[in-house]
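Engineer: what would the 3D arrangement of this be:
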Amino acid sequence: MTINASSIFKDVEKIRTNAPLVHNITNYVVMNTTANALLAIGASPVMAHALPEVEEMAGIAGALVINIGTLSDDWIKAMFKAAKIAKSRQIPIVIDPVGVGATKYRTSTARQLIQEFTPSIIRGNGSEIMALCKQDQKTKGVDSTSASDQAIDSAKSLAQEFNSVVCITGETDYIVSQKNIIQVKNGHAMMPRVTGLGCTATALCGAFAAINPEVDKASAHAMAVMGIAGEMAAQTAQGPGTLQVNFIDALYNLSETNIKELFKV
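Structural biologist: A predicted model of the protein is given here:
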């Protein structure tokens, strides 16, 4: 598999040309951030979680992104209804197991979703990926207590069991499939100070998977773009607030030259 600036930008151009509809059932905290990021890269986001419409929306989407950050019983029902339609249509399902390991409620929800719908991509931090495999693994709320490289064995196990691509994000991102482990070393230390950027990474995985059937490659491209945009944003940011604004602008203005200069895959 070849990952280079040309292959990454080719997928960016496909997103900008095709504007794939990415159906997000996500949390209150990140809706605005992830919708703006998807728009900036060129995708078409929709945030739809109402039970009467999720099946219809999943029926026209190019990818379904499920994020369990702020759970309720009705939202869980909506996730399962949408995922059933997405699976029947064979469109990519991306699951973000936010805070798995913190409570039994969210841990059991994430495991049930993954077991029933075998997502194309599972994207989480080190602690979340480990908690999906280990009953006694704990997290500190939604923050990771484990480095991304500590979760590689758990990611391998998940990839093998569900034939999913597992994306572990951290200082180094690891994209783990049954055949490959890809490392993406882009990003900036200020990025964890902005709420929702992990969730944004998950949404971008949905956009790239919607236009690239090689899901491991799509995931690597998404993580490279995420990290490169973060580095570009940090160049003029005064702190986390301006980083967030600059990040959206960086996605919008991203060029092949930017990728060639910065990407570390």
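
Engineer: for I211, list the residues it contacts.
Structural biologist: Residues counted as contacts of I211 (Cβ atoms under 8 Å, 6 or more residues apart in numbering) are D11, K14, I15, N18, P20, G62, A218. For every residue, glycine as well, the C-beta is placed using N, CA and C.

Engineer: repeat the analysis, applying 10 Å as the threshold.
Structural biologist: Contact criterion Cβ atoms under 10 Å, 6 or more residues apart in numbering gives 10-20, 42-43, 62-63, 92, 218, 221 as the residues in contact with I211.

Engineer: identify those among those residues that sit within helices.
Structural biologist: Taking DSSP state H, the ones among the contacts of I211 that sit in helices are K10, D11, V12, E13, K14, I15, R16, T17, N18, A218, H221.

Engineer: and the contacts of I211, which are buried?
Structural biologist: Among the contacts of I211, those classed as buried by neighbour count (16 or more other Cβ atoms under 10 Å) are 11-12, 14-15, 19-20, 42-43, 62-63, 92, 218, 221.

Engineer: of the residues you listed, closest to V100?
Structural biologist: Distance to V100 across the buried ones among the contacts of I211 (Cβ to Cβ) is lowest for P92, with 20.4 Å.

Engineer: backbone phi and psi for the closest one, please?
Structural biologist: Note on P92: backbone dihedrals following degrees, to the nearest 10 are phi -60, psi 140.

Engineer: that one and T70, how far apart?
Structural biologist: Summarising the geometry, the distance separating P92 from T70, computed by Cβ to Cβ, to the nearest Å, is 23 Å.

Engineer: please consider this matter closed, and thank you.
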